[in-house]
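# compute the structure for the input listed below.
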Amino acid sequence: MTNNSIPEERPIKFDSFGRMQYHPDYHANHGKPWKMSDQNFLIENYDKIGPEETSLALERTIHTVMTKAAKLRREGLMPQVPKNKKVHKRSIKPNNSTLESQKDGA
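The predicted structure is shown next:
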């Protein structure tokens, strides 16, 4: 932090699949137990708005949301993937320089 109490901006990092990795500004519920209201939101909206938008709404990483959805489907608490499933494109995309710097270990 600087002397004028403005927090430093943390860079957003992405994995090799282009998914945003944990970032404290976007994933406030990371590591916290799932509330029933969060689980219900996931069940109702995952196939409608996609995993990325669901993860931002729930303030959890996209990987966590996708894993939870798969678990709920296995347990029969969430409908199976529809045959005519709409493909959701990523709305937050890394630029190539971000991915390259992560590959180099920066």
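# burial of residue 85, as a residue count?
Residue 85 sits with 9 neighbouring residues when counted by other Cβ atoms under 10 Å. No exception for glycine: its C-beta is placed from N, CA and C like everyone else's.
# ok, it to residue 46 distance?
11 Å (Cβ to Cβ, to the nearest Å).
# over to residue 23?
In this view, residue 23 and residue 46 are 21 Å apart by Cβ to Cβ.
# neighbour-wise, which of those two wins?
Neighbour comparison, residue 23 and residue 46: the larger count goes to residue 46, with 23 against 14 (by other Cβ under 10 Å).
# quick one: that one and residue 65 touch, right?
Yes - using Cβ atoms under 8 Å, residue 46 is in contact with residue 65, at 7.4 Å.
# tell me, what's touching the two both at once?
Contact criterion Cβ atoms under 8 Å, 6 or more residues apart in numbering; residues shared by residue 46 and residue 65: residue 54.
# the residue nearest the centre of the chain and residue 84, how far apart?
For the chain, the residue nearest the mean C-alpha position is residue 62 (2.1 Å; Cα atoms, centre = their mean). Going from residue 62 to residue 84 by Cβ to Cβ gives 23 Å.
# and for residue 51?
18 Å.
# ok, residue 67 next?
Using Cβ to Cβ, residue 67 is found at 24 Å from residue 84.
# and the two? which has more neighbours close in?
Using other Cβ under 10 Å, the more surrounded residue of residue 67 and residue 84 is residue 67, with 13 against 5.
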